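Novice: only geometry, no sequence info:
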């Protein structure tokens with residue numbers, strides 16, 4: 001498989017990103033709410049910045065930083081820090097199609113978001129469904145710290161357990177950048 005390219009999303013990327021989201025939902029059930037309106041789900045008005053990953057000019061992944069809208073992870077972090085410190089933003093809508101997994105695409109998307117947030121003095125939080133074990137492993141490998149549990153409610157009185165995380169204060173250096 002060719003190398004992935006991570007870049008800021010553009011309007012022309014929305015249809016391809018929506019197609020990737022539909023594919024991820026079919027294979028993984030993400031997002032649990034479904035994908036009836038994938039383009040709207042990718043581009044809500046709360047997005048601060050978003051990125052796509054592409055391989056051979058095909059969009060294979062996405063991540064966004066969003067303004068807080070009452071998420072449990074935000075409340076947990078504010079409680080733990082007494083509301084002090086840096087601006088809080090939410091890392092959200094991370095997905096990678098199955099075919100592109102195992103090639104560091106998710107990690108590259110996470111690093112792009114983390115670098116953006118760090119440059120702007122933002123601390124990122126997120127929630128992840130406990131069923132999404134690969135995502136949990138990725139977050140923890142990148143130094144994200146669990147800050148509490150939540151229940152994600154959706155649909156007609158449906159719910160699923162979630163874990164909330166906060167980003168490291170300083171993003172970790174990629175393994176290839178470590179010097180002996």
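Specialist: Nice, I can see it. Here the structure is a predicted model, which means the values were calculated and not measured.
Novice: and the helix-or-strand element of the chain with minimal mean pLDDT, what does it pack against?
Specialist: Taking mean pLDDT, DSSP states H and E as the measure, helix 72-81 is the helix or strand of the chain with the lowest mean score, a mean of 91. If you count contacts as 3 or more C-beta pairs under 8 Å, 6 or more residues apart in numbering; DSSP states H and E, helix 72-81 packs onto strand 87-96, strand 122-129, strand 145-154, strand 158-166. Backbone N, C-alpha and C define where each C-beta goes, glycine included.
Novice: buried set for it?
Specialist: Applying a neighbour-count criterion of 16 or more other C-beta atoms under 10 Å, the buried positions in helix 72-81 are 72, 73, 74, 75, 76, 77.
Novice: which of those lies closest to residue 164?
Specialist: Nearest to residue 164 out of the buried residues of helix 72-81 is residue 73 (C-beta to C-beta; 3.7 Å).
Novice: so where's the chain uncertain?
Specialist: Residue ranges of the chain with pLDDT under 70: 1, 85, 170-180.
Novice: how about a cut-off of 90?
Specialist: The model of the chain has pLDDT under 90 over residues 1-3, 70, 81-87, 102-103, 154-156, 169-180.
Novice: wait, what's in contact with residue 145?
Specialist: Residues near residue 145 by C-beta atoms under 8 Å, 6 or more residues apart in numbering: 165, 166, 168.
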